[in-house]
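[1] Give me a 3D structure for the following:
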Amino acid sequence: MRSYSFFTVVLLCIAILGVDILSFYWLQDITQLIESIWLKRAINILFWCFTIGLITAIMVLKITLDDINPQRKHLLVSSLYGLTISSFIPKIIFVITISILYFGNVIFSEKQSLVIIPLVGLFSGVLPFGVITYSIFRAVYNFKIHTHKIYFKHLPKAFHGLKIVHISDIHLGGFNKRYKVLEKAVNLINHQHPDIIFFTGDLVNNYAWELVGWESVFKKLEAKIGKYAVLGNHDYGDYSDWDSAEQKRDNLNEIVAFYNTVGFELLLNTSDIIQRQHEKIAIIGVENWGKPPFKQYGDLQAGMQDVSNIPFKILLTHDPSHWSDEVITKTDIALTLSGHTHGMQVGFNYKDKTWSPIKYKYQHWAGLYHNEQQYLYVNRGLGWIGFPGRLGMRPEITVLKLYVN
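    As a prediction, the model looks like this:
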């Protein structure tokens, strides 16, 4: 909430109060079906207690935000954000639905309307509330494995059948030290018996202290050949206030050191070469590269300079926008792996059909894309940022199997 002015927060509270007044007005049509006057009063009291409590919590949090311990701030803001979304959106849907039914009613008789319209309106509010609540408490860590086979004409034969596990956007601060939750994902990854594990950035939300206690979990990740990673936009501490440039730099250095501790090779505009039976492939990793307002630390040319003579290259870059701007048609990189978008944590997936509002911002936002013999895979992320839930966009573990065509 630091990024919002006090005036903006006041407007949010006024909007919540306005929607709740309309909701309460229509709620009276529903409670008239209840005979017990005490039950009616109890419902009304609970309704307003929740409204006043939510508005009070938002105002108090905004006023005292600077004095809150940074380690608690993220969780408090995210929890309040989730609570606001889960109550505010269903109420808006409820008010719109019941208003349309009431004022535009031509289907039901006046007698039927007294019962049917309130019940339909209530259902229109309860259903989204249930869906959003499910997305916060259940779907947010309901990990899903996406498996794809990709065929290349120039993949060295020694690497035929190479199995890659690709993960991204863990945002450890959101896990709140619930180590066993992420261990479920680790077990799923290890069960795939990957040759290589790639992580494409956003290990934390902002701070190195989010990493405390996670070493033992990450050390359990197993890969036959190796584990590689790059940084994401959230790993640089750019979204926090620092007392000095040195403090920000120390924060980044701690994050970099963590990768070494847990056995990941962190590629910072650098590369590595993997060899099998005298054949080689190159792994390139760049620092975060994104379109404004995201800062661009990535240098693809620097990352490629030591492996330019190796025909088959794999690139790790956090932001998928990098693929269309600097990779396809401009390089011979065969496979690019990215994350960043989270699939907006909200969307629709059915068989091969996917949709999310994020598609209107990012051309490539989730899944597999290709241009001739150059491929991009965008991982939907393992964690969350902002909204503490996932609606139709489950956290992802990607398994890619590479074959010679």
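[2] what ranges do the strands span in this protein?
    144-152, 162-167, 196-199, 226-229, 265-266, 270-276, 279-285, 313-316, 335-338, 348-350, 353-355, 367-371, 374-378, 396-404 (DSSP state E).
[3] rank those strands by pLDDT, which is bottom?
    Mean pLDDT is lowest for strand 348-350 out of those, coming in at a mean of 83.
[4] Relative to that one, what are the paired strands and their orientations?
    For strand 348-350, the paired strands and their directions (DSSP bridges) are strand 353-355 (antiparallel).
[5] which other residues reach the partner strand?
    343, 347-348, 366-367 (C-beta atoms under 8 Å, 6 or more residues apart in numbering). For every residue, glycine as well, the C-beta is placed using N, CA and C.
[6] Return a ChimeraX selection command for the buried portion of those residues.
    A single ChimeraX command selects the buried members of these (16 or more other C-beta atoms under 10 Å):
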select :343,347,366,367
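[7] From residue 173, how far out is residue 256?
    Separation of residue 256 from residue 173 (C-beta to C-beta, to the nearest Å): 18 Å.
[8] Can you dump the C-alpha atoms of stretch 248-268 in PDB for me?
    The C-alpha coordinates for stretch 248-268 follow below in PDB (Å, rounded to 0.1, in the frame of the first residue of the first chain):
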ATOM      1  CA  LYS A 248      20.600  -2.400  -1.300                       C
ATOM      2  CA  ARG A 249      23.800  -3.900  -2.700                       C
ATOM      3  CA  ASP A 250      24.200  -6.100   0.400                       C
ATOM      4  CA  ASN A 251      20.700  -7.300   0.000                       C
ATOM      5  CA  LEU A 252      21.400  -8.400  -3.600                       C
ATOM      6  CA  ASN A 253      24.700 -10.000  -2.600                       C
ATOM      7  CA  GLU A 254      22.900 -12.100   0.000                       C
ATOM      8  CA  ILE A 255      20.500 -13.300  -2.700                       C
ATOM      9  CA  VAL A 256      23.300 -14.100  -5.100                       C
ATOM     10  CA  ALA A 257      25.200 -16.000  -2.300                       C
ATOM     11  CA  PHE A 258      22.000 -18.100  -1.600                       C
ATOM     12  CA  TYR A 259      22.200 -19.600  -5.100                       C
ATOM     13  CA  ASN A 260      25.700 -20.800  -4.500                       C
ATOM     14  CA  THR A 261      24.700 -22.300  -1.100                       C
ATOM     15  CA  VAL A 262      21.900 -24.400  -2.600                       C
ATOM     16  CA  GLY A 263      23.900 -25.600  -5.600                       C
ATOM     17  CA  PHE A 264      22.500 -23.400  -8.400                       C
ATOM     18  CA  GLU A 265      24.800 -21.700 -10.900                       C
ATOM     19  CA  LEU A 266      23.500 -18.200 -11.200                       C
ATOM     20  CA  LEU A 267      24.100 -16.800 -14.700                       C
ATOM     21  CA  LEU A 268      24.600 -13.000 -14.700                       C
END
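[9] mind listing what's buried in that stretch?
    Buried residues in stretch 248-268 (16+ other C-beta under 10 Å): 248, 251, 255, 258-259, 262, 264, 266-268.
[10] Just confirm residue 192 contacts residue 167, I think it does.
    No - using C-beta atoms under 8 Å, residue 192 makes no contact with residue 167, being 11.1 Å away.
[11] quick one: which of these two has more around it?
    Each of residue 192 and residue 167 has its neighbours counted (other C-beta atoms under 10 Å); residue 167 has more, 25 against 19.
[12] hmm, back to that, which of the strands of the chain sits most buried?
    strand 335-338 (a mean of 27; mean count of other C-beta atoms under 10 Å).
[13] mind checking how far that one is from the chain centre?
    With C-alpha atoms, centre = their mean, to the nearest Å as the basis, strand 335-338 stands 18 Å off its chain's centre.
[14] helices or strands next to it in the packing?
    For strand 335-338, the elements it packs on are strand 313-316, strand 374-378, judged by 3 or more C-beta pairs under 8 Å, 6 or more residues apart in numbering; DSSP states H and E.
[15] Okay, now the sheet partners of that strand, with direction.
    strand 313-316 (parallel), strand 374-378 (parallel).
[16] which residues are in contact with the last one?
    Outside strand 374-378, the residues that touch it by C-beta under 8 Å, 6+ apart are 148, 150, 166, 320, 323, 327-328, 333-341, 364-370, 398, 400.
[17] Extract the C-alpha set from that strand and format it as CSV.
    Provided in CSV are the C-alpha atoms of strand 374-378 (Å, rounded to 0.1, in the frame of the first residue of the first chain):
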residue,chain,number,x,y,z
GLN,A,374,13.2,-20.9,-32.3
TYR,A,375,11.1,-21.7,-29.2
LEU,A,376,9.9,-19.8,-26.2
TYR,A,377,8.4,-21.2,-23.0
VAL,A,378,6.7,-18.9,-20.5
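[18] Okay, angle between that strand and strand 144-152 too, please.
    If you take axes from the mean of the first three to the mean of the last three C-alpha atoms, to 10 degrees, strand 374-378 sits at 170 degrees to strand 144-152.
[19] how close does residue 291 sit to residue 298?
    Residue 291 sits 12 Å away from residue 298, going by C-beta to C-beta.
[20] Looking at the two, which one has more neighbours?
    Per other C-beta under 10 Å, whichever of residue 291 and residue 298 has more neighbours is residue 298, with 23 against 12.
[21] Need the strands of the chain in CSV (columns: distance to residue 98).
    Formatted as CSV, the strands of the chain follow (distance: least, C-beta to C-beta, whole Å):
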stretch, distance to residue 98
strand 144-152, 36
strand 162-167, 44
strand 196-199, 47
strand 226-229, 50
strand 265-266, 54
strand 270-276, 59
strand 279-285, 53
strand 313-316, 50
strand 335-338, 43
strand 348-350, 26
strand 353-355, 28
strand 367-371, 38
strand 374-378, 40
strand 396-404, 37
